[in-house]
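Student: Pasting the sequence and the predicted coordinates here, then a few questions.
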Amino acid sequence: MTVLNETQNLAHEVVEDSNPTNNTDFQTIIKRRLNRRNILKGGTGLTAAAFFGTLPLVGCRVGGSSNNLNPITTTDNNAAIPAIGDLKRPETLRFTAVPHSTAETMSVAAGYKAEMILPLGTPLISGIDNWKDNREQSAESFDWRMGDNHDGMWFFGKKGSAYDAKASDNGLLVMNHEYVNSAELSPFGYFVTPDEDAETIYQSRRLASDVRREVNCHGVSVVEMTRRSDGVGYEMVLNSKYNRRITSSTLATFTGPVAGSDLVKTKFDPTGYQTRGINNNCGAGLSPWGTYLTTEENFLGVFARGQDASQLSAAQNAGRARYGATEDFSGWGYLWHTPDAKEAKVADEFLRWDMTVVGATAADDYRNGFNTFGFMTEIDPFDQNSIPQKRTALGRFAHENCAYAPVEQGKPVVFYMGDDARGEYIYKFVSNALWSNSDIGGGLKAGSKYMDEGTLHVAIFNDDGSGKWQPLIHGKNGLDASNSALPFNGQDEVLVFARAAADALGATKMDRPEWVSVSPITGEVYVTLTNNKLRGEREDQPVSATNPRSYQARGKARGNDNGHIIRWAETGGDHAAMSFEWDIYLFASPSDLAVENLSKLNDNNDFSSPDGLYFDPRGVLWIQTDDGAYTDTSSCMLLAALPGNVSDGAPTVTSAGQQTRVGTFANNDNIKRFFVGPEGCEVTGITMTPDFKTLFINIQHPGNTWGAADGGSTPRSATVMITKEDGDVILAESFGPAASTT
């Protein structure tokens, strides 16, 4: 998660902190757990062998011991995942680790090539000028240009005009554009005009053209790609009928329990079935049937709210505040609500970003405009005329990404999601419909089948090392009108205010749950918890066994700046189960932090602030960073890792004298640095072609002149295409005899 700073010139993290509950935080739970358990194998906790040795895993095939895992193959139970042939999960990583770097350029492992493609402003059709450094591209032209700050993405193999999970020669690369660098988009930089006589939230006005340009730079790009003539890498198919931009102005439809609810009725659509735009799209996911799932994360930052608390009920005020929208809130510097309404090209083009009550009813203003964002949104990239569907059954919060568990014929489809704000929760959705392989390629119709009816759950981590899922269902467990903090009068209210519903169920507060990924080898679920600068510095964020690293180093304030990755295994290998067993896979840390380096990282694999996370179908885990705590030593990076299983670690004692538990210690065989981005960037978004020969990642907000047009100096976000110099499979050297590198 990266968003604008106060001056709009560079990017840094603005972390929402709107959870007022006293729900037990994750760190305290681990401390209790470890005080009760001696954290030795053979104790009360399940060992990996006990947990997995005799139990089938959903959609997975496990052969031999837990240390000799075979990858899943394409079977009737996993038809959405391409075959891997005879490749097995490697036992070791053999490539040479990339050293730390703070250079203006990017670096990749020896034997590989990294190329920049599709930077900000790239035209998708003919007739539009290439990006120029004068930044005078019209706002309207970004309906057909690559947007800003590329993020989550997926490569959809294409055969003819249809989705083909095994096709690699041709495909659709679909990606998010999370936010904008305002100063680098406008010919005037970040420009505001004072209006001291106006109402409080209008004291600084922005140009209509600048806001329109930024709105069009958000959202999603769909780009057709074809393999180059030399057989290595890809190029864009200019003027493809599939090339498309979906922006913060594109029409979107609500589906599921919130569709038609009073909570999403606005002046634009008094019926509550449609809204304009998808926004702040961060991580992404693939559906098992072959559509794109995009998230709406930091939607709070583009809205404003004036002084209207007296015109709303206590419950309405509580609902807004639980998502950070308090009175006199003017957003995070976007100020999209401020241009003169007379300059609007369509009705309420700018006023729709202002949720202040000004009319007699919700049909007379945009008091509910805020409620129309924060949903998982499904897009069918193969139908250029389709309308994005906001799948409300999966809840409303700051979605970071969405990962599905391997599907199995006749079993529910399960999605995992994190809410990326400090002290928020981890969720999963279990469909009512049972999976059928015949739905692969079914587009949005399949999405309606599996995502509009089902149950959203929130995670509770127990102090004995177990965990449970609590269903967010109206009328159960106090989720009704009697709830004192925010009464729930229907399932629509439970989902629109999912955070408050999770509060009432006693969900476990986490340290910014970001990307989720599910191992195709073990079926275990991994989540990045990026960092927490308040660890040990605020009463509701106490130092505990899992994060005893409230320390001061490298000129930083005290706290835990480095983050960690947790994981869990669902009971019986069933992703629809209501309980699970969990541990901590990896603590991020600079290698020289002595006992704070709980996973024993070294110079070849140390990192900070894990963010992006992706298991490729062979079982290799790719870890990306969005860091500000270790950038004096190395820019953000991409690492490859080979995880084990829950409970495969050992106890350790920290500098605070507290006992904690980590997964198997890091070494040069099981985790290595594969790529380092240019100075100032975040490395994010990741996908691989079905033949494993091309890896795509994204670079956000690079510094210096990285990504600049020829002869220019303005840095631009872009996609990076990584291939082997010999055209072979990515990490081929790890799947067979060691290969020489240069």
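Tutor: Cool, got the structure.

Student: Tell me, how many residues neighbour residue 309?
Tutor: If you count neighbours by other CB atoms under 10 Å, residue 309 ends up with 17. (Each C-beta comes from the backbone N, C-alpha and C, glycine too.)

Student: Please apply the same query to residue 664.
Tutor: Residues contacting residue 664 under the criterion other CB under 10 Å number 18.

Student: just residue 727 next, same as before
Tutor: For residue 727, the neighbour count with other CB under 10 Å is 13.

Student: What pLDDT is listed against it?
Tutor: Looking at residue 727, its pLDDT is 96.

Student: Does it touch residue 227 like I think?
Tutor: No. Residue 727 is beyond contact range of residue 227, at 10.6 Å (criterion: CB atoms under 8 Å).

Student: Is residue 145 bridged to anything, and to what?
Tutor: Beta-bridge partners recorded for residue 145 (DSSP bridges): residue 123.

Student: ok, now how distant is it from residue 586?
Tutor: From residue 145 across to residue 586, the span is 38 Å (CB to CB, to the nearest Å).

Student: higher neighbour count, those two?
Tutor: Between residue 145 and residue 586, counted using other CB under 10 Å, residue 586 has the larger neighbour count: 31 against 23.

Student: buried sites along the helix or strand containing the more buried one?
Tutor: Using DSSP states H and E, the element containing residue 586 is strand 579-587. Buried residues in strand 579-587, defined by neighbour count with 16 or more other CB atoms under 10 Å: 580, 581, 582, 583, 584, 585, 586, 587.

Student: show me where the stretch 51-200 of the chain has helices.
Tutor: Using DSSP state H, counting those that start in this stretch, the helices found in the stretch 51-200 of the chain span residues 182-185.

Student: what residue ranges in it score low on pLDDT?
Tutor: Counting by pLDDT under 70, the ranges of the stretch 51-200 of the chain that qualify are 51-87, 196-200.

Student: again, 80 this time
Tutor: Scanning the stretch 51-200 of the chain with the threshold set as pLDDT under 80 gives 51-88, 134-135, 195-200.

Student: now swap in the stretch 551-700 of the chain and tell me
Tutor: In the stretch 551-700 of the chain, residues with pLDDT under 80: 551-560, 594-595, 650-662.

Student: ranges for the strands of it?
Tutor: Secondary structure of the stretch 551-700 of the chain (DSSP state E, counting those that start in this stretch): strands at 564-570, 579-587, 610-615, 621-625, 637-641, 650-653, 659-662, 671-676, 682-688, 694-700.

Student: Can you lay out these as JSON lines showing distance to residue 400?
Tutor: Listed next are the strands of the stretch 551-700 of the chain as JSON lines, based on distance: least, CB to CB, whole Å:
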{"stretch": "strand 564-570", "distance to residue 400": "14"}
{"stretch": "strand 579-587", "distance to residue 400": "17"}
{"stretch": "strand 610-615", "distance to residue 400": "9"}
{"stretch": "strand 621-625", "distance to residue 400": "12"}
{"stretch": "strand 637-641", "distance to residue 400": "18"}
{"stretch": "strand 650-653", "distance to residue 400": "29"}
{"stretch": "strand 659-662", "distance to residue 400": "23"}
{"stretch": "strand 671-676", "distance to residue 400": "21"}
{"stretch": "strand 682-688", "distance to residue 400": "11"}
{"stretch": "strand 694-700", "distance to residue 400": "14"}
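
Student: These: which one's closest to residue 321?
Tutor: Ranking those by proximity to residue 321 (CB to CB) places strand 610-615 first, at 27.2 Å.

Student: same for the closest one, what does it pack against?
Tutor: strand 513-518, strand 525-529, strand 564-570, strand 621-625, strand 682-688 (3 or more CB pairs under 8 Å, 6 or more residues apart in numbering; DSSP states H and E).

Student: Reformat those strands as JSON lines; add distance to residue 469 and mean neighbour count.
Tutor: Converted to JSON lines, these look like this (distance: least, CB to CB, whole Å; neighbours: other CB atoms under 10 Å):
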{"stretch": "strand 513-518", "distance to residue 469": "14", "mean neighbour count": "27"}
{"stretch": "strand 525-529", "distance to residue 469": "12", "mean neighbour count": "27"}
{"stretch": "strand 564-570", "distance to residue 469": "9", "mean neighbour count": "25"}
{"stretch": "strand 621-625", "distance to residue 469": "23", "mean neighbour count": "26"}
{"stretch": "strand 682-688", "distance to residue 469": "27", "mean neighbour count": "27"}
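
Student: Now render these as CSV, adding distance to residue 257.
Tutor: Listed next are these as CSV, based on distance: least, CB to CB, whole Å:
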stretch, distance to residue 257
strand 513-518, 23
strand 525-529, 25
strand 564-570, 25
strand 621-625, 34
strand 682-688, 30
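
Student: Out of the ones you listed, which is closest to residue 342?
Tutor: Closest approach to residue 342 among those (CB to CB): strand 682-688, 38.0 Å.

Student: same for that closest one, what does it pack against?
Tutor: Using 3+ CB pairs under 8 Å, 6+ apart: strand 682-688 touches strand 150-159, strand 170-177, strand 610-615, strand 621-625, strand 637-641, strand 694-700.

Student: ok, and what's touching the fourth one?
Tutor: The reference is to strand 621-625. If you take CB atoms under 8 Å, 6 or more residues apart in numbering as the criterion, strand 621-625 is touched by 515, 517, 519, 526, 528, 565, 588, 607-616, 636-643, 671, 674, 682-684, 686, 697.

Student: Identify the residues contacting residue 410.
Tutor: By CB under 8 Å, 6+ apart, the contact list for residue 410 reads 434, 435, 436.

Student: gap between it and residue 434?
Tutor: For residue 410, the distance to residue 434 - CB to CB - is 5 Å.

Student: Spit out the residues that contact those two alike.
Tutor: Residues touching both residue 410 and residue 434 by CB under 8 Å, 6+ apart: none at all.

Student: From the chain's centroid, how far away is stretch 150-159?
Tutor: Remark: stretch 150-159 is offset 15 Å from the chain centroid, using CA atoms, centre = their mean, to the nearest Å.
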